[in-house]
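In: Sequence first, then the predicted structure, then my questions.
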Amino acid sequence: MTLHHTIKQWIAQTLSIDDDVVLEYPGDATHGDFATNVALIYAKQSGKNPRELAEEFVTKLNVVLEHFDFFESIQVAGPGFINFKLKPEIFSSVIEKINSVGVTFGERTEVSGKKVVVEYTQPNVMKEFHVGHMMNNIIGEAVSRIIESGGAEVVRATYHGDVGLHVAKAVWGVINMGVGTDITIKILGEAYAHGAKLYETDERAKAEIIEINKKIYNKSDEQINILYETGRQVSLHYFESIYTRLGSTFNYHFYESESGPLGKKIVEEFVEHKVFEVSDGAVVFKGESFGLHTRVYVSSLGLPTYEAKEVGLMQIKRDLFSPFDLSITVTANEQDAFFKVVEKSLEQVFPELNEKLLHLSHGMLRLPSGKMSSRTGDVFRAEDIIDTVKESAKEKIKDSLISREREDVIAEIVALGAIKYSILRQAIGGDVVFDVSKALSLEGDSGPYLQYATVRASTVLRKAEGLIHANSELPRGWRTTHVERLLERFPHTLRKSAGEYAPHTLVTYLTELAGSFNSFYGNHKIIDVTDTSAPYKLAITRSFVNVMTSGLHTLGIQVPEVM
């Protein structure tokens, strides 16, 4: 249980309040360490003067304060706010706890025993792994880690479109390029682009691609099967190499080739249950009765659509993971309308899933014009973005005393930190404009800024070895610093981020924490054997490293050894 939650419970119990108490961290430290508007809320209900009620509440709180020895003062402020100032010893005890448990500080148990399935990334075989997939992966991985911090079991899954017209276009392209089975990811990209173009401009090519699509579904042509399976494996191996770079590992990989036939079967069965109905030879879900729109689940050709494949996918998830408490799907917001209908249909087919489905949608990753060009001219590959940022990172560290091999590793870590921070720094849903120079800035509001602050603090710890031993004992006359206040807030921030599925809340916190430590570093001489407060300042520094390392890891961001 976090300190924030403990204090909320104490206030509610002491004042005999049933409703959830709003307890906030004031922006100005002179207003205390916590503040609540509980008197303002209850004054409206009771008809009392808010400030007078606040004074009554403070009197009650002070009566039992000796049994809850946390506060230096509890005071009424303004029209009826109640401000709480913690004792400095509370912060020193937090510092002691952080350093005793290390990077596990912040882990909680409020959702222990819960199982959450998170599906994200979803690249289609025989197509480029583009920046949209990368953005999705970064968000999905961060959300997964944030949920795990509360004690839940998280099952990570990705879903591949390994059948469909896009695959047929690529196979047609491979055949017409005459490359045989000597297929590489580069050839697949070119083959798909070639097939996609001719599908739109050449009627004969279109007809051939449609026929190939049927043969892939039916597995009726041995040569096409060989090309299909070869290209499929090349794609999946390529995807794994990018997952490794991004630092994500999936527990399960699902495929449309498996979910499609199953989804079609279920949809057709539920026509009898009036969930779906036949219309012009197709099977559809009439969403209008739910304030939505109609979507086709089985085409007039008898093929399952993406919608039916989602039904099959959910059946697979139920078979593997039930009972689960929540199933989260992360996609781009261009699929919002699709998922509103699909989730409603899933609730009709599987009633136990009501309120257990969550769709998290994100915007697009956009690049300033003229700053970066894609290999194909229209699709920005994830690898191109990572490599471009990595080269820029190398330029920044090339004059440092780092070996060429370590330089490459550090540049990769810094580049990925810059990209991930840029994507996670704002609320999920909006577009992200990615500017390489801003993303790599060490001036603040960037991934490298957070990494550098952590590396700087780690360097202080190394320099202090053998000279000063960190100690969380509060020095005489010590005045609580802002960095101490922020360190105490870490578990609450993680809890808030998890409850709202909001990585940006954690990003904002870590950015403020890094800034507060940099100010602390600038205003305090930490390594000074003649200073009696040096051991405590060193303990604060160690706590900062632990929390920053933990917080960045939760976002999927590594900290390099040096920068």
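Out: Done, it's in.
In: all contacts plus neighbour counts: C-alpha atoms, from now on.
Out: Will do.
In: Output the contacting helices and strands for the longest helix seen in the chain.
Out: Secondary structure assigned by DSSP state H gives helix 222-246 as the longest helix of the chain. Contacts defined by 3 or more CA pairs under 8 Å, 6 or more residues apart in numbering; DSSP states H and E place helix 222-246 against helix 165-177, helix 185-201, helix 203-218.
In: After the host helix or strand of residue 394, which helix or strand is next?
Out: Residue 394 belongs to helix 382-397 when assigned by DSSP states H and E. Counting by DSSP H and E, the element after helix 382-397 in chain order, helix or strand, is helix 404-424.
In: What average pLDDT does that next one get?
Out: Averaged across helix 404-424, pLDDT comes to 94.
In: Need the nearest residue in space to residue 184, chain neighbours excluded.
Out: Among residues not flanking residue 184 along the chain, residue 234 sits closest, at 6.6 Å (CA to CA, 6 or more residues apart in numbering).
In: I figured the one you found was touching residue 182, is that so?
Out: No: counting by CA atoms under 8 Å, residue 182 is not a contact partner of residue 234; they are 10.3 Å apart.
In: These two: who's more crowded?
Out: residue 234 (17 against 11; other CA atoms under 10 Å).
In: how close does that one get to residue 380?
Out: Per CA to CA, to the nearest Å, residue 234 is found 20 Å from residue 380.
In: cool, and residue 395?
Out: 22 Å.
In: Kindly report the same for residue 337.
Out: Relative to residue 380, and taking CA to CA, residue 337 is found at 25 Å.
In: between these two, who's got more neighbours?
Out: residue 380 (21 against 11).
In: The more buried one contacts residue 131, doesn't it?
Out: Yes: using CA under 8 Å as the test, residue 380 is close enough to residue 131 to be in contact (5.9 Å).
In: quick one: secondary structure of residue 159?
Out: strand (DSSP: H, G, I helix; E, B strand; the rest coil).
In: Also residue 355?
Out: coil.
In: next one: the one 5 residues further on
Out: Following three-state DSSP, the label given to residue 360 is strand.
In: In contact with it, which residues are there?
Out: 328, 329, 330, 331, 428 (CA atoms under 8 Å, 6 or more residues apart in numbering).
In: Tell me the confidence at it?
Out: For residue 360, the predicted pLDDT is 98.
In: sorry, back to before: looking at the helices and strands packed on helix 222-246, which is buried most?
Out: helix 165-177 (a mean of 23; mean count of other CA atoms under 10 Å).
In: same for that one, what does it pack against?
Out: helix 185-201, helix 203-218, helix 222-246.
In: what comes into contact with the first one?
Out: If you take CA under 8 Å, 6+ apart as the criterion, helix 185-201 is touched by 126-128, 166-167, 169-174, 177, 205-206, 209, 231, 234-235, 238.
In: the inter-axis angle of that helix versus helix 165-177?
Out: With axes from the mean of the first three to the mean of the last three CA atoms, to 10 degrees applied, the angle from helix 185-201 to helix 165-177 works out at 100 degrees.
In: tell me what the host helix or strand of residue 45 is packed against?
Out: If you go by DSSP H and E, residue 45 is part of helix 38-46. Using 3+ CA pairs under 8 Å, 6+ apart, the elements in contact with helix 38-46 are helix 50-63, strand 81-86.
In: what angle do that helix and helix 50-63 make?
Out: Going by the same axes, to 10 degrees, helix 38-46 makes 120 degrees with helix 50-63.
In: Helix 38-46 - what's its average pLDDT?
Out: Mean predicted confidence for helix 38-46 is 91.
In: That helix: how far from the chain's middle?
Out: Distance of helix 38-46 from the chain centroid (CA atoms, centre = their mean, to the nearest Å) equals 37 Å.
In: which residues sit against that helix?
Out: 21, 22, 49, 50, 51, 53, 54, 57, 79, 80, 81, 82.
In: pLDDT-wise, what's the bottom of those residues?
Out: residue 21 (90).
In: mind listing what that one touches?
Out: 8, 9, 11, 12, 36, 38.
In: Equivalent analysis for residue 148, please.
Out: Per CA under 8 Å, 6+ apart, neighbours of residue 148: residue 154.
In: And it, its phi and psi?
Out: phi -60, psi -30 (degrees, to the nearest 10).
In: Over to residue 433?
Out: Torsion angles, degrees, to the nearest 10, at residue 433: phi -90, psi 120.
In: does it really touch residue 368, like I thought?
Out: Yes: using CA under 8 Å, residue 433 makes contact with residue 368 at a distance of 6.9 Å.
In: any idea of the pLDDT on the residue most central in space within the chain?
Out: In the chain, the C-alpha nearest the mean C-alpha coordinate belongs to residue 142, at 2.6 Å (CA atoms, centre = their mean). Residue 142 is assigned a predicted lDDT (pLDDT) of 98.
In: which element is the closest residue to residue 426 other than its chain neighbours on?
Out: Leaving aside its sequence neighbours, residue 426 sits nearest to residue 504 (CA to CA, 6+ apart; 5.2 Å). Taking DSSP H and E as the criterion, residue 504 maps to helix 503-523.
In: Now do that helix: everything it contacts.
Out: 139, 142-143, 146, 421, 424-428, 444-445, 449-450, 453-454, 481-483, 486-487, 490, 493-494, 496-497, 541, 544, 548, 551-552, 555.
In: tell me the contacts of residue 121?
Out: 133, 134, 136, 137, 140, 158, 159, 330, 331.
In: Which ones among the residues you listed lie within helices?
Out: Using DSSP H, the contacts of residue 121 in helices are 133, 134, 136, 137, 140.
In: Mark which of the residues you listed are buried, thanks.
Out: Buried by 16 or more other CA atoms under 10 Å: 133, 134, 136, 137, 140, out of those.
In: could you dump the residues you listed to JSON lines with distance to residue 265?
Out: Formatted as JSON lines, these follow (distance: CA to CA, whole Å):
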{"residue": "133", "distance to residue 265": "30"}
{"residue": "134", "distance to residue 265": "33"}
{"residue": "136", "distance to residue 265": "30"}
{"residue": "137", "distance to residue 265": "31"}
{"residue": "140", "distance to residue 265": "30"}
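In: which one of these sits closest to residue 62?
Out: Comparing these against residue 62 with CA to CA places residue 140 closest, at 45.5 Å.
In: Kindly report the domain assignment for the protein.
Out: Using automatic domain parsing, the domain parsing of the chain gives 3-86, 165-243.
In: Flag the shaky bits of the stretch 401-550 of the chain, pLDDT-wise.
Out: 401 (pLDDT under 70).
In: Any regions of the stretch 251-400 of the chain where pLDDT drops low?
Out: Using pLDDT under 70, the stretch 251-400 of the chain drops low at 369-379, 399-400.
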